[in-house]
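>>> Let's see this in three dimensions:
(one chain, ligands or ions: 1)
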Amino acid sequence: MPEADPGGGSGTARLIDGKAAAARIRAEVARQAAALAARHGLVPGLAVVLVGEDPASQVYVRNKVRQTGETGMRSFETRLPATVSQARLLDEVARLNADPAVHGILVQLPLPKHVEEAAITDAIAPAKDVDGFSIVNTGLLAARGAGMIPCTPLGCLLLLKETRPALAGLNALVVGRSNIVGKPMLQLLLREHCTVTVAHSRTRNLADECRRADILVAAIGKPRMIRGDWIRPGATVIDVGINRVRVDTPEGPREKLVGDVDFDAAVRVAGAITPVPGGVGPMTIACLLRNTITAACAQHGVDPGGLSG
Ligand code: NDP
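The predicted model follows:
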């Protein structure tokens, strides 16, 4: 039997605190990095490649580099101009693949239009592909439930498991079918034995699909699109969306981050829900750091589980 709803649908959903969960993951990563250094003389290294001047990408890369250092790992940064050729970018990936100090490689997306993203992500050695976007890791997840798991869906899954330890048999709806969120999320929920539906822009009656879902993961990119009266009472809602909207305040207009779910309405119906910001967002980088430890351990034949004691 599916587990009863966790928050009761009693009027105010439990808030799923992604900030606190991410801090716990980072603390565990720091412990594991220290143990790797002390017992194996190994400092995990994460290489981040940034192409062009996209302001959002620059912020993401800065945060990734900072948090890598804070957890006792080494970071390597390559910055290339937006005009860089695909061949030059492939050379850089090949160089990082061959560098033994680099255990994880991340090429910040999106890339300029003249570069074929798949050619770059597929060129990253699967063992170092800490974003899990290469065709090898995509296939491993789909066929065997294994490989390097993309960071945002992994973060969603960890939050879900903390909230509802018994996921088997629950109806899960993933809204969005992107390669970086929706599709890997589908695979992870299937791996947990959920009954999974994936909705997208051609889905005929999204509201009805939502009303059947014990677990709803929204990864759409449309501010507050999922309405409160679409949510099944007591459902667990994971809002991946990060949308910048303009709001009017007594001090004048300002920008605010909102999710793909109408939080103020959904919080009255759901059993548990992630806020935006402070829900899925902080989990993504924490899971990237976790994947870097996993990659370093796998490349050196170390059991990551044995590092925590
Ligand atoms: P994409 O644009 O790649 O995918 C969006 C998906 O939503 C598509 O599958 C699209 O369908 C679907 N969609 C669009 N409109 C509708 C609609 N009206 N009804 C149902 N489905 C619809 O986005 P991403 O997956 O990259 O990102 C989704 C959101 O998550 C964004 O807000 C992004 O900023 C955020 N994000 C947050 C991260 C984090 O760290 N928290 C990390 C990554 C993303 P179709 O395929 O038919 O076009």
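>>> Remind me what the longest helix along the chain packs against, helices and strands.
For the chain, the helix that runs over the most residues, judged by DSSP state H, is helix 18-40. The contact analysis (3 or more CB pairs under 8 Å, 6 or more residues apart in numbering; DSSP states H and E) places helix 18-40 against helix 55-70, helix 151-163, helix 281-299. C-beta coordinates here come from the backbone N, C-alpha and C atoms, glycine included.
>>> pLDDT value on the residue in the stretch 51-200 of the chain positioned nearest to the ligand, please?
Residue nearest to the ligand within the stretch 51-200 of the chain: residue 178 (3.1 Å; CB to the nearest ligand atom). The score at residue 178 is 98. That number is its pLDDT.
>>> okay but residue 225 is in contact with residue 259, surely?
No. The criterion here is CB atoms under 8 Å, and residue 225 misses it with residue 259 at 9.2 Å.
>>> Quick check: neighbours shared by the two?
218, 241 (CB atoms under 8 Å, 6 or more residues apart in numbering).
>>> Between those two, which is the more surrounded one?
More crowded of residue 225 and residue 259, by other CB atoms under 10 Å: residue 259, with 30 against 17.
>>> got a list of what the more buried one touches?
Applying CB under 8 Å, 6+ apart, the residues contacting residue 259 are 218, 223-224, 239-243, 274-276, 279.
>>> Quick one: neighbours of residue 291, just the number.
24.
>>> no no, residue 63
14.
>>> same check, this time on the one 3 residues further on
By other CB under 10 Å, 12 other residues sit near residue 66.
>>> Pick out the residue closest to the middle of this protein.
residue 152 (0.7 Å; CA atoms, centre = their mean).
>>> Low-confidence bits of the chain, can you list those?
Counting by pLDDT under 70, the chain has low-confidence residues at 1-10, 309.
>>> How is it divided into domains?
Under the assignment named as automatic domain parsing, the residue ranges that make up the domains of the chain are 40-126, 150-282.
>>> circling back: what is the subsequent helix or strand relative to the longest helix of the chain?
Next in sequence after helix 18-40, counting helices and strands by DSSP states H and E, comes strand 45-51.
>>> residue ranges of the strands in the protein, please?
14-15, 45-51, 74-80, 104-107, 171-175, 195-199, 215-218, 236-239, 243-249, 252-258, 272-273 (DSSP state E).
>>> quick one: contacts of the fifth one?
By that I understand strand 171-175. So strand 171-175 is contacted by 2, 182, 185-186, 189, 194-200, 203, 206, 209-210, 212-220, 226, 260 (CB under 8 Å, 6+ apart).
>>> Now with 6 Å, please.
Applying CB atoms under 6 Å, 6 or more residues apart in numbering, the external contacts of strand 171-175 come out as 182, 185-186, 189, 194-199, 209, 212-218, 220.
>>> what does this structure put close to the ligand?
Listed as neighbours of the ligand in the chain under the rule CB under 6 Å from any ligand atom: 152, 175-178, 180-182, 199-203, 206, 219-222, 240-243, 280-281, 284.
>>> Mind doing that once more with 5 Å?
Counting by CB under 5 Å from any ligand atom, the residues of the chain close to the ligand are 152, 176-178, 181, 200-201, 219-221, 240-242, 280-281, 284.
>>> Just the buried ones out of these, please.
With neighbours counted by 16 or more other CB atoms under 10 Å, the residues of the chain next to the ligand contain buried members at 152, 176-177, 181, 219-220, 240-242, 280-281, 284.
>>> Widest-spaced pair of these?
Taking CB to CB, the two most distant members of those are 177 and 281; they sit 20.7 Å apart.
>>> Which phi and psi values does residue 43 adopt?
Backbone geometry at residue 43, expressed as degrees, to the nearest 10, gives phi -110, psi 110.
>>> Which residue is the nearest non-sequential neighbour of it?
residue 74 (5.2 Å; CB to CB, 6 or more residues apart in numbering).
>>> what's the answer for residue 231, then?
Residue 231 sits nearest to residue 269 (CB to CB, 6+ apart), 4.5 Å away.
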